[in-house]
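K.L.:
Quick one: sequence and predicted model below, then my questions.
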Amino acid sequence: MELIKPNTKIDFIGKIRYALIISWILIAIGIFSMVVKGGPKYGIDFKGGTLFQIKFLKQV
């Protein structure tokens, strides 16, 4: 099974302008989204588990 034929020629260097434009648009959308939503939200991503509290009769 061949996904790309053996003699296929794709001009990647010729398409660099389009790739850069798309990249800059996606970066601008990401920055705009962070500004609109008030910046990155730093917090605890995972809450859960079990809490153990131990009480000793004598001082340890």
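P.N.:
Okay, I see it.

K.L.:
Over to Lys58: give its phi and psi.
P.N.:
Here is the backbone geometry of Lys58 (degrees, to the nearest 10): phi -110, psi 160.

K.L.:
What segments of this structure are strands?
P.N.:
With DSSP state E, there are no strands along the chain.

K.L.:
Low-confidence regions, this structure specifically.
P.N.:
Low-confidence segments of the chain, defined by pLDDT under 70: 44-48.

K.L.:
Can you show me the helices along it?
P.N.:
Assigned by DSSP state H, the helices in the chain fall at 16-36.

K.L.:
tell me the centre residue of this protein?
P.N.:
Centroid check for the chain by Cα atoms, centre = their mean gives Gly30 as the closest residue, at 10.7 Å.

K.L.:
I'd like the distance between that one and Tyr18.
P.N.:
Distance, Gly30 to Tyr18, using Cβ to Cβ, to the nearest Å: 19 Å. Bear in mind the C-beta positions are built from the backbone N, C-alpha and C, glycine included.

K.L.:
cool, Thr8 as well?
P.N.:
Per Cβ to Cβ, Thr8 is found 19 Å from Tyr18.

K.L.:
same question, Gln59
P.N.:
For Gln59, the distance to Tyr18 - Cβ to Cβ - is 71 Å.

K.L.:
Name the residue in these two with the higher neighbour count.
P.N.:
Neighbours were counted for Gln59 and for Tyr18 using other Cβ atoms under 10 Å; Tyr18 has more, 9 against 4.

K.L.:
and the more buried one, what does it touch?
P.N.:
Contacts for Tyr18 (Cβ atoms under 8 Å, 6 or more residues apart in numbering) come out as none.

K.L.:
Next one: it from Lys37, what distance?
P.N.:
Between Tyr18 and Lys37 the computed distance is 29 Å (Cβ to Cβ).

K.L.:
And Ile13, by the same measure?
P.N.:
Between Ile13 and Lys37 the computed distance is 37 Å (Cβ to Cβ).
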